[in-house]
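Participant: Here's a sequence, model it:
(chains A, B and C)
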Amino acid sequence: MILPETFYTRNNVLNIAKDLLGKIIVTEINDIKTSGKIVEVEAYNGINDKASHAYNNRRTNRTEIMYCNGGVAYIYLCYGIHHLFNVVTNTKDIPHAILIRAIEPIDGITEMLCRRKMHQLKTTLTSGPGALSMALGITTNYTGISLQSNELHIEDRGIIVNDTDIVSKTRVGVAYAQEDALLPYRFYIKNNPYVSKGKGLE
DNA sequence: CAAACGATTTTCT
DNA sequence: GAAAATCGTTTGG
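Facilitator: Numbers count the residues shown, from 1 in each chain, chains lettered A, B, ... in the order given. Prediction:
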């Protein structure tokens, strides 16, 4: 089943992040379906989180989408090259978001290999936020789209992830966030080969 | 209007 | 392991 809006509008972004592990991201672009199981995420906890684009209640054209009611996509361009896919959570005017960092490919692997210009399946196909966005065909054009839509949504296919299989660590690439860089807001499934190699702080 | 800077990945040494 | 690639967003003048 497709996750309902109420999944996203809860107020604890950390719980939603953990709940996303084991869920399935599905894109259907030009009638081509691709999907993968979420194995790694990072939470961005709104206006008090120095690592968040919405820190200190900053509202700009780019961040405005994070102030929407939960359940929409926020995609932005990093380093001029990479499209990073986030899920907006919580209710209107509370800018929480969750970065999807890695998935395990399920459907449409041939198409994903093609989009990534690869010829055989390796973990690097979808290991890392920029890589999985390219594999699924997600670009900044999809910012603001509802996660109830055909083109892009997240499903529950009954996969259960035990708490004991969830690892929490510091986030990747956020050293500029000072003390908030130490928060354990990165979650991933233990021993899954598709989890990105990105290193957070210890 | 100009300039600096990434929630990264790939390639080269 | 180090560095380049590359451009929209943000910030400051």
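Participant: what stretches of chain A score poorly on pLDDT?
Facilitator: The model of chain A has pLDDT under 70 over residues A:202.
Participant: Looks like residue A:32 contacts residue A:111 (just checking).
Facilitator: Yes: counting by CB atoms under 8 Å, residue A:32 touches residue A:111, with 5.2 Å between them. All C-beta atoms are positioned from the backbone trio N, CA, C, and that covers glycine.
Participant: what sits in contact with each of these two?
Facilitator: Common contact partners of residue A:32 and residue A:111 (CB atoms under 8 Å, 6 or more residues apart in numbering): residue A:137.
Participant: how about the residues of chain A near DNA strand C?
Facilitator: Residues of chain A lying close to DNA strand C (CB under 7 Å from any atom of the strand) are A:53, A:58, A:60-63, A:76-77, A:79-81, A:140.
Participant: Assign residue A:197 to helix, strand or coil.
Facilitator: Here residue A:197 takes the coil state, with states given by DSSP: H, G, I helix; E, B strand; the rest coil.
Participant: List the contacts of it.
Facilitator: Counting by CB under 8 Å, 6+ apart, the residues that residue A:197 touches are residue A:127.
Participant: Can you classify the residue lying closest to residue A:49 once chain neighbours are set aside as helix, strand or coil?
Facilitator: In this structure, residue A:49 finds its nearest non-sequential neighbour in residue A:180, 5.6 Å apart by CB to CB, 6 or more residues apart in numbering. The three-state assignment at residue A:180 reads helix, by three-state DSSP.
Participant: what about residue A:180, how many residues close to it?
Facilitator: Residues lying near residue A:180 (other CB atoms under 10 Å) number 19.
Participant: what do you get for residue A:2?
Facilitator: Neighbourhood size, residue A:2 [other CB under 10 Å]: 15.
Participant: Tell me the bridge partners for it.
Facilitator: For residue A:2, the beta-bridge partners under DSSP bridges are residue A:155.
Participant: Residue A:148 is in contact with that one, correct?
Facilitator: Yes: using CB under 8 Å, residue A:2 is in contact with residue A:148, at 6.3 Å.
Participant: Tell me if the top strand by length along chain A is near DNA strand B.
Facilitator: Taking DSSP state E as the criterion, chain A has its longest strand at strand A:32-45. Yes: Strand A:32-45 reaches DNA strand B (CB under 7 Å from any atom of the strand) through A:42, A:44.
Participant: Tell me how far residue A:66 lies from residue A:115.
Facilitator: Relative to residue A:115, residue A:66 is positioned 27 Å away (CB to CB, to the nearest Å).
Participant: That concludes my questions; thank you for your assistance.
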